[in-house]
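*Asks:* Whatever this is, show me its structure:
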Amino acid sequence: MSPLLLAVLLSLVSAVAYAAGAIVQERVAATTPAGTYAPLQHAVWWGAVALNGLGALLHVIALAYGPLSVVQPLGALTIVFALPMAAVFVRRRAGAAAWRGALVATVGLAGLLALSGDAGNTASSSLGTGQRGVLAAVTFGTIAMVFLVAQTINRPVLRSVLLATAAGVAFGIGSVFTKTVAMDWEWSAPLAQWSSLIAVAVLATGGLLLSQASYRGAGLAAPLATVTVVNPVVATAVGLTMFGESFRGGVFGTVLALGFGAVAATGLVLLTSERLAASRRRVEAGSDASSADTAVADGPDAPRDRAADTDTDTGTTGESGGVDGRVRGTAEGRPGAS
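*Replies:* Residues are numbered from 1 along each chain as shown. The predicted structure follows:
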């Protein structure tokens, strides 16, 4: 089996493991009583942790055998695989827009894979110490600059996209340093990779914090789609420019690969947006059902009484007060009125 084929298979299994872990985590969150540490007491949650750990391990091994320009984009299949897996295992049907997005993303990624070089052309060279230092300096400088610019932006959506872009850069370059560790690792001298390991830890932590901050005030669709697209784009760019990776067909093949990448990114944006819209509809439907049950139990005078209570508590007629306001605020990524 060629190294490229092995990397592709490992990437596919990794994406399946990540998708399964995400589905299990979501089910635990939906069925576990509210509480910060409640999921820790759920045995199934630890199964999700194991699935995510397996996915991460397989991704690292895939990076050791295959080029960044192949392995990193294939990681986006996690979202694609989650669609049919959720339909089969938790009976969650997806809309037509989600399936169209999944199909478009799959076509784009298949095109990228078809243009990938053979094993002889894709044997990447690792980065030297100087290259790693320059890459780290440019990466942290870029992330810091984007973060500072985001703090000056008053429009929530634009600020969210900038923070998500910084998170995507952090995750993408984190995979680059992970690949250097995987390629240069020697069990006889594990501490020789200490600088790259520190870079991986800092970038992973920073990416997590930035992605979390990007959800504040602008919903989930825009930042999640941004991170999903920026991550493989950045890693692929580094693979092509610094690792000596290439696509079949020379310049024409590279341009065609970029086109397939754009197709895959479009599909991922469509899929992500539809899935989050569906999730929001489920939350709002549950809130409406809860409000209806409460109204029936309290009697016909309850709406007037609750409206009076709301006016007294908030001092307003309630632009976002009550249960609907809290659900709307949470779904858009900001605290609702309480």
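
*Asks:* So for this protein, which residue is the most central one in space?
*Replies:* Thr228 (4.9 Å; C-alpha atoms, centre = their mean).

*Asks:* got a list of what that residue touches?
*Replies:* The contact partners of Thr228, by C-beta atoms under 8 Å, 6 or more residues apart in numbering, come to 76, 79, 168, 268-269, 272. (Glycine included, C-beta is placed from N, CA and C.)

*Asks:* And the helix or strand containing Leu5, what does it pack against?
*Replies:* Per DSSP states H and E: Leu5 is located in helix 3-31. The contact analysis (3 or more C-beta pairs under 8 Å, 6 or more residues apart in numbering; DSSP states H and E) places helix 3-31 against helix 43-65, helix 68-74, helix 77-89.

*Asks:* what are the phi and psi values for Gly152?
*Replies:* Check again: residue 152 is Thr, not Gly. phi -90, psi -10 (degrees, to the nearest 10).

*Asks:* Which parts of the stretch 101-250 of the chain are helices?
*Replies:* Applying DSSP state H, counting those that start in this stretch to the stretch 101-250 of the chain gives helices spanning 129-151, 156-184, 194-214, 221-242, 250-298.

*Asks:* what's next to stretch 257-266, contact-wise?
*Replies:* Stretch 257-266 has contacts (C-beta under 8 Å, 6+ apart) with 69, 73, 76, 104-105, 107-112, 115, 229, 232-233, 236, 247.

*Asks:* 10 Å instead, please
*Replies:* Residues from elsewhere that reach stretch 257-266, judged by C-beta atoms under 10 Å, 6 or more residues apart in numbering: 69, 73-74, 76-77, 80, 101, 104-116, 225, 228-230, 232-233, 236, 240, 246-249.

*Asks:* Show the buried residues in the residues you listed.
*Replies:* For the contacts of stretch 257-266, a burial check counting by 16 or more other C-beta atoms under 10 Å picks out 69, 73-74, 76-77, 80, 101, 104-106, 108-109, 111-113, 115-116, 225, 228-230, 232-233, 236, 240, 246-247.

*Asks:* got the contact list for Gln151?
*Replies:* Counting by C-beta under 10 Å, 6+ apart, Gln151 has contacts 159, 162-163.

*Asks:* shaky segments in the chain?
*Replies:* 26, 29-30, 32-41, 117-125, 217-221, 274-338 (pLDDT under 70).

*Asks:* what about 50?
*Replies:* Scanning the chain for pLDDT under 50 picks out 118-123, 302-338.

*Asks:* what about Thr178, neighbour count?
*Replies:* Look at Thr178: counted by other C-beta atoms under 10 Å, it has 23 neighbours.

*Asks:* Leu203 too?
*Replies:* Leu203: 25 surrounding residues under other C-beta under 10 Å.

*Asks:* dump the residue contacts of the closest residue in space to Ala204 that isn't next to it in sequence.
*Replies:* Spatial nearest neighbour of Ala204, excluding adjacent residues (C-beta to C-beta, 6 or more residues apart in numbering): Gly174 at 5.2 Å. By C-beta under 10 Å, 6+ apart, the contact list for Gly174 reads 139, 199-207, 231, 234-235.

*Asks:* Thank you, goodbye.
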